[in-house]
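Asks: Just to be clear, the model below is a prediction. Sequence and coordinates:
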Amino acid sequence: MSEVDGSYVGAGTVLTPDEVKAAQSAGATFAVSPGATDTLLDACEAVGLPMLPGAATASEAMRLYERGYDMLKFFPAEASGGAPALRALAAPLPKIFFCPTGGVGPANAETYLTLPNVACAGGSWVAPADLMEAGQWGKITELASDAAALPRG
């Protein structure tokens, strides 16, 4: 995948310094995590691997912003208040952007994508495990195309 022109390959779910090293060795150009610990952030920063760390509260987002992260994963999105929670964070945290995941799918992704502080939305609906295991690449391509066509706000 990393050989496809214009593609960026990320690794997730990265939780430990060993997984940071493995992700980088495998060719990942960024890492994704559901949360953030100093140990994990230090490991990514030490090897120069950009990180999309997770945050679900204003305090977590502020702490990460203070450390230099302005693009965060909002996880678990639906369980943490969904689009209304992100809408509420937009005014007091205008310089922080989010990629909501966790309960996001075709039925609600567009709602997230209309928010001013949402840069993208993610979810396993684009490449479900059962379709990957069955090698249903055509169906996965169709789902990815549908996701890419979702209107933005």
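Replies: Arrived safely.

Asks: Could you check the pLDDT of the residue lying farthest from the centre of the chain?
Replies: Taking Cα atoms, centre = their mean, the residue of the chain most remote from its mean C-alpha position is Ala134, at 24.9 Å. Note on Ala134: pLDDT of 96.

Asks: gap between the two ends of stretch 66-76?
Replies: The straight-line separation of the ends of stretch 66-76 (Cα to Cα, to the nearest Å) is 22 Å.

Asks: how far away is Cys120 from Leu72?
Replies: Noted for Cys120: a distance of 12 Å to Leu72, by Cβ to Cβ, to the nearest Å. C-beta coordinates here come from the backbone N, C-alpha and C atoms, glycine included.

Asks: Looking at those two, which has the bigger crowd around it?
Replies: Per other Cβ atoms under 10 Å, whichever of Cys120 and Leu72 has more neighbours is Leu72, with 25 against 17.

Asks: Helix, strand, or coil at that one?
Replies: strand (DSSP: H, G, I helix; E, B strand; the rest coil).

Asks: Helices of the chain, start to end?
Replies: For the chain, applying DSSP state H gives helices covering 17-25, 38-47, 58-66, 82-90, 109-113, 129-133, 137-148.

Asks: how big is the angle separating the third one from helix 38-47?
Replies: To tie it back to what came earlier, the one meant is helix 58-66. Here the directions of helix 58-66 and helix 38-47 differ by 20 degrees (axes from the mean of the first three to the mean of the last three Cα atoms, to 10 degrees).

Asks: quick revisit: quick one: closest of the helices of the chain to Ile96.
Replies: When those are compared by Cβ to Cβ, helix 58-66 sits nearest Ile96, at 5.3 Å.

Asks: Check which helices and strands that closest one sits against.
Replies: strand 54-55 (3 or more Cβ pairs under 8 Å, 6 or more residues apart in numbering; DSSP states H and E).

Asks: For the strand it packs on, name the packing helices and strands.
Replies: Applying 3+ Cβ pairs under 8 Å, 6+ apart, one finds that strand 54-55 contacts helix 58-66, strand 71-74.

Asks: Check the burial of the nearest residue to Pro76 once chain neighbours are set aside by counting its neighbours.
Replies: The shortest distance from Pro76 to any non-neighbouring residue, by Cβ to Cβ, 6 or more residues apart in numbering, is to Gly102 (3.1 Å). Neighbours of Gly102 under the rule other Cβ under 10 Å: 19.
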